[in-house]
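Participant: A structural model of the following input is requested.
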Amino acid sequence: MPRPDLLAPATGRRATNVTLPDALLREARAMDINLSQACERGLAAAVAERRREQWLARNRGAMDAWNSHVEEQGLPLAAYRQF
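Facilitator: Numbers count the residues shown, from 1 in each chain. Here you go, the predicted structure:
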C-alpha cells in the first residue's frame, strides 16, 4: 500500500514528461481519467514496492537467523501458548 504522504497534495510539485502508449492514453482520456493523479498513484505504489523489497533485502539475514533459531529452539514461551 502506498504511503499516504506520497499521495497527499505536495507543495513542491514538478512538471515532467511521461511517454505512454497511444491507445492507452486515448482510452484514459475518453474515460476522463486524470493522468497526473493516475501516474502519481502508480508511481507511489512502485516506490512503496521498491522500499519493501529493499527492506526485505536489508533484513533477510536477521529473518533467516530468527527462523533458524525457532526451528532449532522452538518459539519463546511456547509452553504458555493456548490453541
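
Participant: Buried residues in the longest helix belonging to the chain, which are they?
Facilitator: For the chain, the longest helix by residue count, based on DSSP state H, is helix 35-73. Buried positions in helix 35-73, judged by neighbour count with 16 or more other Cβ atoms under 10 Å: 40, 44. C-beta: built from backbone N, CA, C; applies to glycine.

Participant: now for it, which elements pack on it?
Facilitator: helix 4-7, helix 22-30 (3 or more Cβ pairs under 8 Å, 6 or more residues apart in numbering; DSSP states H and E).

Participant: Next, work out how far apart Ala48 and Gln54 are.
Facilitator: Ala48 is 11 Å from Gln54, where distance means Cβ to Cβ, to the nearest Å.

Participant: how about low-confidence regions in the chain?
Facilitator: Within the chain, the stretches with pLDDT under 70 are 1-10.

Participant: now with 90?
Facilitator: Within the chain, the ranges that satisfy pLDDT under 90 run 1-12, 79, 81-83.

Participant: Quickly note the distance from the closest residue to Arg29 other than its chain neighbours to Ala45.
Facilitator: Spatially, and ignoring its direct neighbours in sequence, Arg29 is nearest to Leu35 (7.8 Å; Cβ to Cβ, 6 or more residues apart in numbering). Distance from Leu35 to Ala45, counting by Cβ to Cβ: 16 Å.

Participant: same check, this time on Leu77
Facilitator: Using Cβ to Cβ, we find Leu77 at a distance of 38 Å from Ala45.

Participant: again with Ala23
Facilitator: Distance, Ala23 to Ala45, using Cβ to Cβ: 22 Å.

Participant: what do you get for Glu27?
Facilitator: Distance of Glu27 to Ala45, given as Cβ to Cβ: 20 Å.
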